[in-house]
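> Turn this into a structure:
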Amino acid sequence: MKLLSFRHSLVLSTLMLFQTVFTQSVAIKCGRIYNPGDGVSLTDKCIIIEGTKITGLCDTNAIPSGSKVIDCSGMTVLPGLVDAHTHLCINFIISYDQSGIDYLGPVVMDPPGYRVLQGAAHAREMLECGFTCVRDAGNSGRYLDVALKRAIKDKLVPGPFIVPAGRIIAPFGGQFSMKADKQFLLNDEYFFADTKDELRKAIRENIYYGSEVIKIVVDGQKYSYSADDIRFIVQEAAGAGLKVMAHCQTEKGAYNSALGGVASIEHGWNLSDSTLLLMKQKGIVLVTTDFTVHSLMSGGASQERAEKTHARFVKRLKQAYQAGIKIAFGTDVQASYHGMNRGEMAREYIDSFIEAEIPAAEILKMCTVNGYELLGLDKQRGKIAPEMTADLIAVEGNQLEDIRKLENVKLVMRDGVVIKGGSAGR
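This next block holds a predicted model:
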């Protein structure tokens, strides 16, 4: 036994020595480094990475010997982008219901195995377009988003860091507008919870199976959760260290959510001045999901209707920004449009912020640091600094002069691994 123990220790020591000797640092030569959180730019610097972490910054003439060099000297390097509201494991096909999107179609028609494979494809598309972190807002069946997060962590498939919401909690009926027998409504997509006991059970089951944020649909039906209901949900989730994100379509739903103290209001398409004031006082983040014309048409809207709806969303976005509300970038993309993949459609939402006349520096904060803070990841991700995770993107030129350069990402790095671009040299 002593001999076996000695041999085991010798093997472990050898492996550790091998790893130490052959771990190669990576140096990214940057024309410019920009941290949206503090607005600081650095020129002609290198980012030094070992494993998954940034270990330091140095001048371009001081790269550690033996480092693998990635030349982005003509580019700006930024933290990876965040989509704080997406749905990776669902894809709508309008033929399910020619009147437009209804969740009952894909839930009934698409089996879980197919949906999680859809999620893997969408995750790769998002990552390759520069989104290194997403919050999956449910509509993922029985914890398919949790399973996808695990598969990405285990390196079975490439994808962004995922904060999964698991099963959405909603009053009876959820977001189903098509009327169907109860046997079809009671499925893995939602917890229908209308009493405090039902709410507590739904929250705890979500947490048990791996959800990292609690998603509620406040007002998907004519009836909605009260401020007292939402306050109870927030307190119950907080006991396990989780935040609550609230899907709000109506003014009443948004106001109740603000009173209840949620972390974020999703969509918020109808916000009064009193709701905006309450959100600002409480530090509630607005995840605006300002649908583009393309995304609205992918949901079955005519071009004329899509343009009118989009203009209304942009007006609300401008109103929220001018009111001083903290905004995090989120898209709610759930379908494809004329060959555009998930990542391409998500990046197009930047146009909504431009139309709302929001300065480029503020848009960059909304696409990065605001999202990381909302998701509780700002101590590990979202800044180019020592000890932070190496989730990075590179774009040509100066994105402060032309924010649309974010729509053409040249380099994507996730956990220190190059996903896209980045020809290496010495």
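
> okay, and for the chain, where does confidence drop off?
Counting by pLDDT under 70, the chain has low-confidence residues at 1-23, 93-108, 178, 180, 183-185, 423-426.

> Leaving out sequence neighbours, find the closest residue to Arg414.
Thr132 (5.1 Å; C-beta to C-beta, 6 or more residues apart in numbering). (Each C-beta comes from the backbone N, C-alpha and C, glycine too.)

> Assumed that neighbour was part of a helix.
No - Thr132 is assigned strand when assessed by DSSP: H, G, I helix; E, B strand; the rest coil, not a helix.

> which residues does it contact?
Counting by C-beta atoms under 8 Å, 6 or more residues apart in numbering, Thr132 touches 79-82, 160-161, 381, 391-393, 412-414.

> what do you get for Ile54?
47-48, 384-390.

> how many neighbours does the nearest residue to Arg347 once chain neighbours are set aside have?
Leaving aside its chain neighbours, Arg347 sits nearest to Glu407 (4.8 Å; criterion: C-beta to C-beta, 6+ apart). Glu407 has 15 neighbours, counted by other C-beta atoms under 10 Å.

> For Val293, state which of the contacts of Thr132 is nearest.
Here the nearest of those to Val293, counting by C-beta to C-beta, is Leu81; it sits at 21.3 Å.

> Quick one: neighbours of that closest one, just the number.
29.

> Glu401 now?
Neighbours around Glu401, by other C-beta under 10 Å: 8.

> Please give me every residue in contact with it.
Ala360.

> and stretch 312-320, how far from the chain's centre?
21 Å (C-alpha atoms, centre = their mean, to the nearest Å).

> how about that stretch: buried residues?
When neighbours are counted by 16 or more other C-beta atoms under 10 Å, the buried residues of stretch 312-320 are found to be 313-314, 316-318, 320.

> now these in JSON lines, with distance to Val333 and secondary structure?
Listed next are those as JSON lines, based on distance: C-beta to C-beta, whole Å; DSSP: H, G, I helix; E, B strand; the rest coil:
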{"residue": "Phe313", "distance to Val333": "14", "secondary structure": "helix"}
{"residue": "Val314", "distance to Val333": "17", "secondary structure": "helix"}
{"residue": "Arg316", "distance to Val333": "19", "secondary structure": "helix"}
{"residue": "Leu317", "distance to Val333": "17", "secondary structure": "helix"}
{"residue": "Lys318", "distance to Val333": "21", "secondary structure": "helix"}
{"residue": "Ala320", "distance to Val333": "20", "secondary structure": "helix"}
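
> can you pull the buried residues of stretch 391-406?
In stretch 391-406, counting by 16+ other C-beta under 10 Å, buried: 391-395, 398-400, 403, 405-406.

> Please report how far the nearest residue to Tyr209 once chain neighbours are set aside lies from Arg305.
The shortest distance from Tyr209 to any non-neighbouring residue, by C-beta to C-beta, 6+ apart, is to Tyr143 (5.0 Å). Distance, Tyr143 to Arg305, using C-beta to C-beta, to the nearest Å: 35 Å.

> Neighbour count for those two, which is higher?
Tyr143 (24 against 14).

> In contact with Tyr321, which residues?
By C-beta under 8 Å, 6+ apart, the neighbours of Tyr321 are 327, 356, 358, 362.

> At which residues are the helices of the stretch 51-200 of the chain located?
104-109, 112-128, 144-153, 182-185, 196-208 (DSSP state H, counting those that start in this stretch).

> how many neighbours does Leu278 have?
16.

> try the one 4 residues further on
Using other C-beta under 10 Å, the number of residues around Lys282 comes to 13.

> That one contacts Gly261, correct?
Yes - with contacts counted by C-beta atoms under 8 Å, Lys282 reaches Gly261, the gap being 6.4 Å.

> just to revisit the earlier point, restricted to strands, list the contacts of Thr132.
Of these, the ones assigned to strands by DSSP state E are 79, 81-82, 161, 392-393, 412-414.

> ok now stretch 72-89, how far from the chain's centre?
10 Å.

> May I see the buried residues of that stretch?
For stretch 72-89, the neighbour count (16+ other C-beta under 10 Å) marks 72, 75-89 as buried.

> so the residue most central in space within the chain bridges to which residues?
Nearest to the mean C-alpha position of the chain, by C-alpha atoms, centre = their mean, lies Val134 at 2.1 Å. Beta-bridge pairing of Val134 under DSSP bridges involves Asp83, Ile162.

> In contact with it, which residues?
The contact partners of Val134, by C-beta under 8 Å, 6+ apart, come to 82-84, 86, 88, 123, 126, 160-163.

> Also Asp228?
Applying C-beta under 8 Å, 6+ apart, the residues contacting Asp228 are Gly260.

> Can you say which helix or strand has it in it?
Assigned by DSSP states H and E, Asp228 falls within helix 227-238.

> how distant is that helix from the center of its chain?
23 Å.

> Show me what the following helix or strand past it pairs with in its sheet, parallel or antiparallel.
Per DSSP H and E, the first helix or strand lying C-terminal to helix 227-238 is strand 244-248. Strand 244-248 has the following strand partners under DSSP bridges: strand 214-217 (parallel), strand 264-267 (parallel).

> among those, which is the most enclosed?
Comparing those by mean neighbour count (mean count of other C-beta atoms under 10 Å), strand 214-217 comes out on top with a mean of 28.

> Contacts for it, please.
Against strand 214-217 from outside (C-beta under 8 Å, 6+ apart): 137-138, 165-166, 168-171, 174-175, 190, 203, 206, 225, 230, 233, 237, 242-247, 262.

> coming back round to it: among the contacts of Ile54, which one lies nearest to Ser298?
So of the contacts of Ile54, ranked by how close each gets to Ser298 (C-beta to C-beta), first place is Thr389, at 32.5 Å.

> Pretty sure Val146 sits against Tyr209.
Yes - using C-beta under 8 Å, Val146 is in contact with Tyr209, at 6.4 Å.

> which residues do those two both contact?
Gly166.

> In terms of neighbours, single out the busier of the two.
Of the pair Val146 and Tyr209, Val146 is the one with more neighbours under other C-beta under 10 Å, namely 21 against 14.

> roughly how far apart are the closest residue to Gly261 other than its chain neighbours and Tyr225?
With C-beta to C-beta, 6+ apart as the criterion, Gly261 has its nearest non-adjacent residue at 4.9 Å, and that residue is Val234. According to C-beta to C-beta, Val234 and Tyr225 sit 11 Å apart.
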